[in-house]
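> Output the structure for:
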Amino acid sequence: MMRKTANKTAKQLDLLLAQIALDHLFIETLATRHSDRLDFHDVSVWAVKSALLAAYQAGLAAGQQVAATAADQASSQPSA
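Down below sits the predicted model:
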């Protein structure tokens with residue numbers, strides 16, 4: 001079960017990173033295509049900053065969601 005969750009989480013992360021790359025850097029795929037023309041991109045520093053900020057905010061939101069879930073589970077447990 002743990003491996004299935006890890007695979008799902010890895011796939012979700014890949015999708016999130018691909019979406020950030022597309023939205024902020026205009027990179028269509030993060031897959032290696034073994035071609036300099038396709039694998040290397042010229043991007044502006046403000047686009048890189050925007051993409052990094054989006055990734056940071058996504059990580060922050062995920063961490064807050066995990067903390068809230070843990071707090072909910074702790075509060076629903078009977079006191080010992």
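
> what bits of the protein have low per-residue confidence?
The model of the chain has pLDDT under 70 over residues 1-2, 79-80.

> Which positions in the longest helix along the chain come out as buried?
What stands out as the longest helix in the chain, according to DSSP state H, is helix 45-76. Buried residues in helix 45-76, defined by neighbour count with 16 or more other Cβ atoms under 10 Å: 47, 50, 51, 54. For glycine as for every other residue, the C-beta is placed from the backbone atoms N, C-alpha and C.

> tell me what that helix is packed against?
Applying 3 or more Cβ pairs under 8 Å, 6 or more residues apart in numbering; DSSP states H and E, one finds that helix 45-76 contacts helix 2-20.

> Going by neighbour count, which residues in the helix it packs on are buried?
For helix 2-20, by 16+ other Cβ under 10 Å, it's residue 20.

> Can I get the helix or strand just after that helix in CSV, CA atoms only?
Using DSSP states H and E, the helix or strand that follows helix 2-20 in sequence is helix 36-39. The C-alpha coordinates for helix 36-39 follow below in CSV (Å, rounded to 0.1, in the frame of the first residue of the first chain):
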residue,chain,number,x,y,z
ASP,A,36,19.8,20.0,-27.6
ARG,A,37,17.1,21.9,-29.5
LEU,A,38,14.4,20.2,-27.5
ASP,A,39,16.0,19.7,-24.1
